[in-house]
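J.: Task: produce atomic coordinates for the following.
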Amino acid sequence: MNYAAELSEKGAVARQAARKLAVISTDIKNKALCAMADALQNECVGIIAANVVDIENGKAKGLSRALLDRLMLNESRIDAMAEGLRQIAGLPDPIGEGLSIQRRPNGLEISKVRVPLGVIGIIYEARPNVTVDAAGLCLKSGNTVILRGGSEAISSNIAIIKVISAAAYSAGVPEGSIQFIETTDREAVNAMLRLNQYLDVIIPRGGAGLIKTVVENSTVPVIETGTGVCHTFVDQSADMEMAKAIAFNAKVSRPGVCNAMETLLVHEAVADRFLPEMLQKYHEAGVEIRGCSTTMKYYSEVKAAIPEDWSTEYHDLILSVKVVEGIGEALDHIASYSTRHSEAIVTQDYNNARRFQAEVDAAAVYVNASTRFTDGYEFGFGAEIGISTQKLHARGPMGLPELTSIKYVISGNGQIR
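T.: Residues are numbered from 1 along each chain as shown. Model (predicted):
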């Protein structure tokens, strides 16, 4: 099939809609977001029915428990998605925000203001809530969006898009502002990656394979998000009970998300006190441990880690564990394997805490807290489009301001140069 033609048609519609969406009022955008939230809850039964199809197909494909959990929708999760839209409606509208103003000696008044990026393409995998979050954030920031979800959630996504786009258009949002690519054929992705004429930016959300494919093949500018090989280092001075609570939460609370811990590093001086109980606790929670030779001495159920484990984002109840000589080795390991998402140290040593935060190159660096807090809501930003792990043009949780660019607006009274 000629996906390039289909994508070009969607892109042209999105570009036309973007001109109108960029200048509609905050009131219309907020009314649309609330209408989308109401529609999700009103059509909950139909969306869940579509999701059941995806869940059954996922089980047949052998998806892991963690991936099935990311895929699954129920009434409470749909309520949460709706609440997320209402929260976006309550956030300040970034469009038109004045960032600076200056008057030049020649009388020119130069203002710097926020404007939409334009048309955003988002390619993502198994989480249908991303469909709602992305549509809501793009709408509030004045951007039109073309969404391409993964095959695992295709039925759910189609059902969600029909509901929220109809609600948005009924509230006054320009037709074509929210679009979805319904095919699961990967050739459609390849066509999307070359849609420079219409797309201003592409944001991939998913595993390392997806992000690598997009970065290496896209001719459209890319904002990298999501890949999270996150570490927690338990230092020699760590409070043992605090360390156990943090290490357990970082892995077990929701293992399928990008801010979950994938590797636990433990100072050799506290391994005897920390690891036996910690490994037992993980085992009871169903976590598979892949450890270094020293870690294997502390628990019979530990499997030998292979080199690939240190660079793997499991998205599952699997954890790599390594005993290190001290903070220096921990920092070296993180520098070698980190995806620059979120890293944590548990310590009571002020100097080690400051050294860790200074030397670790990541979007979020924690002292005595779980990596699971790297999230737009937890940071007080509201919903986010993803966690950017690069340095241009945004880093960390990407909320509304990160979905904007800037424009210089100049006013004069006849000046010439």
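J.: how is the chain carved up into domains?
T.: Split into domains by automatic domain parsing, the chain comes to 3-225+385-411, 230-373.
J.: Now do the longest one: distance to the chain's middle.
T.: This means domain 3-225+385-411. Its chain's C-alpha centre lies 12 Å from the corresponding centre of domain 3-225+385-411 when counted by Cα atoms, centre = their mean, to the nearest Å.
J.: Can you measure across that domain, start residue to end residue?
T.: 44 Å (Cα to Cα, to the nearest Å).
J.: So for it, mean pLDDT?
T.: Here domain 3-225+385-411 scores 95 as its mean pLDDT.
J.: Tell me the secondary structure at the closest residue in space to residue 301 that isn't next to it in sequence.
T.: Spatial nearest neighbour of residue 301, chain neighbours left out: residue 283 (5.5 Å); criterion: Cβ to Cβ, 6 or more residues apart in numbering. (C-beta placed from N, C-alpha, C; glycine too.) Under DSSP: H, G, I helix; E, B strand; the rest coil, residue 283 falls in the helix class.
J.: for residue 283, what are its contacts?
T.: The contact partners of residue 283, by Cβ atoms under 8 Å, 6 or more residues apart in numbering, come to 289, 299, 301.
J.: who wins for proximity to residue 417 among the domains of the chain?
T.: Of all the domains of the chain, it is domain 3-225+385-411 that lies closest to residue 417, at 8.6 Å by Cβ to Cβ.
J.: what about residue 61, how many neighbours?
T.: When neighbours are defined as other Cβ atoms under 10 Å, residue 61 has 11 of them.
J.: now do the one 4 residues further on
T.: Here the neighbour count serves as a burial measure; for residue 65 (other Cβ under 10 Å) it reads 12.
J.: swap in residue 130?
T.: Residues contacting residue 130 under the criterion other Cβ under 10 Å number 24.
J.: Tell me how far residue 38 lies from residue 86.
T.: Distance of residue 38 to residue 86, computed by Cβ to Cβ, to the nearest Å: 9 Å.
J.: Next: residue 318.
T.: Where residue 86 is concerned, residue 318 sits at a distance of 36 Å (Cβ to Cβ).
J.: Who has more neighbours out of these two?
T.: Legend: neighbour count by other Cβ under 10 Å for residue 318 and residue 86, higher for residue 318 (18 against 15).
J.: Which pLDDT value belongs to the more buried one?
T.: 97.
J.: Same check on residue 256?
T.: pLDDT, residue 256: 83.
J.: which SS state does the closest residue to it other than its chain neighbours fall under?
T.: Using Cβ to Cβ, 6+ apart and skipping residues adjacent in sequence, the residue nearest residue 256 is residue 66, 3.4 Å away. Per three-state DSSP, the local secondary structure of residue 66 is helix.
J.: Quick check, residue 66 in contact with residue 317.
T.: Yes. Judged on Cβ atoms under 8 Å, residue 66 makes contact with residue 317 at a distance of 6.7 Å.
J.: Quickly list what's touching both of these two.
T.: Counting by Cβ under 8 Å, 6+ apart, the contacts common to residue 66 and residue 317 are residue 255.
J.: Contacts only, for residue 311.
T.: Residue 311 is in contact with 229, 337, counting by Cβ under 8 Å, 6+ apart.
J.: can you check residue 92 too?
T.: Counting by Cβ under 8 Å, 6+ apart, residue 92 makes contact with residue 400.
J.: what kind of secondary structure is it in?
T.: Following three-state DSSP, we place residue 92 in the coil state.
J.: What separation is there between it and residue 58?
T.: 38 Å.
J.: can you map out the strands along the stretch 101-250 of the chain?
T.: Assigned by DSSP state E, counting those that start in this stretch, the strands in the stretch 101-250 of the chain fall at 109-116, 119-124, 144-148, 178-180, 201-205, 230-234.
J.: Which other helices and strands does the fourth one contact?
T.: Other helices and strands packing on strand 178-180, by 3 or more Cβ pairs under 8 Å, 6 or more residues apart in numbering; DSSP states H and E, are helix 3-21, helix 129-140, strand 144-148, helix 154-170.
J.: Direction included, what does that strand pair up with?
T.: In the sheet, strand 178-180 lines up against strand 144-148 (parallel) (DSSP bridges).
J.: Give me the residues contacting the strand it pairs with.
T.: Residues outside strand 144-148 that contact it (Cβ under 8 Å, 6+ apart): 7, 10-11, 14-15, 17-18, 21, 118-124, 131, 134-135, 138-139, 157, 161, 174, 176-181, 188-189, 192, 199.
J.: neighbours around the residue nearest to residue 204 when sequence neighbours are not counted, how many?
T.: Using Cβ to Cβ, 6+ apart and skipping the chain neighbours, the partner closest in space to residue 204 is residue 214 (4.1 Å). When neighbours are defined as other Cβ under 10 Å, residue 214 has 23 of them.
J.: Contact partners for residue 214?
T.: Neighbouring residues of residue 214 by Cβ under 8 Å, 6+ apart: 123, 189, 193, 202, 204, 222.
J.: Show the buried residues in the residues you listed.
T.: Neighbour-count burial (16 or more other Cβ atoms under 10 Å) applied to the contacts of residue 214 gives 123, 189, 193, 202, 204, 222.
J.: Including distance to residue 354, could these go into JSON lines?
T.: Below are the buried ones among the contacts of residue 214 laid out as JSON lines (distance: Cβ to Cβ, whole Å):
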{"residue": "123", "distance to residue 354": "39"}
{"residue": "189", "distance to residue 354": "43"}
{"residue": "193", "distance to residue 354": "42"}
{"residue": "202", "distance to residue 354": "37"}
{"residue": "204", "distance to residue 354": "34"}
{"residue": "222", "distance to residue 354": "34"}
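J.: now, the most widely separated pair of those?
T.: Pairwise distances across those peak at 12.7 Å for 189 and 222 (criterion: Cβ to Cβ).
J.: that older thread, just name the closest of the contacts of residue 214 to residue 27, please.
T.: residue 202 (30.2 Å).
J.: And the spatially closest residue to that closest one that is not a sequence neighbour, how close does it get to residue 212?
T.: Take residue 202 and drop its neighbours on the chain: the residue closest to it by Cβ to Cβ, 6+ apart is residue 121, 4.4 Å away. Separation of residue 121 from residue 212 (Cβ to Cβ) stands at 17 Å.
J.: and if you look at residue 382?
T.: From residue 382 over to residue 212 the distance is 29 Å, taken as Cβ to Cβ.
J.: what does residue 397 give?
T.: Look at residue 397 and residue 212: by Cβ to Cβ, they are 22 Å apart.
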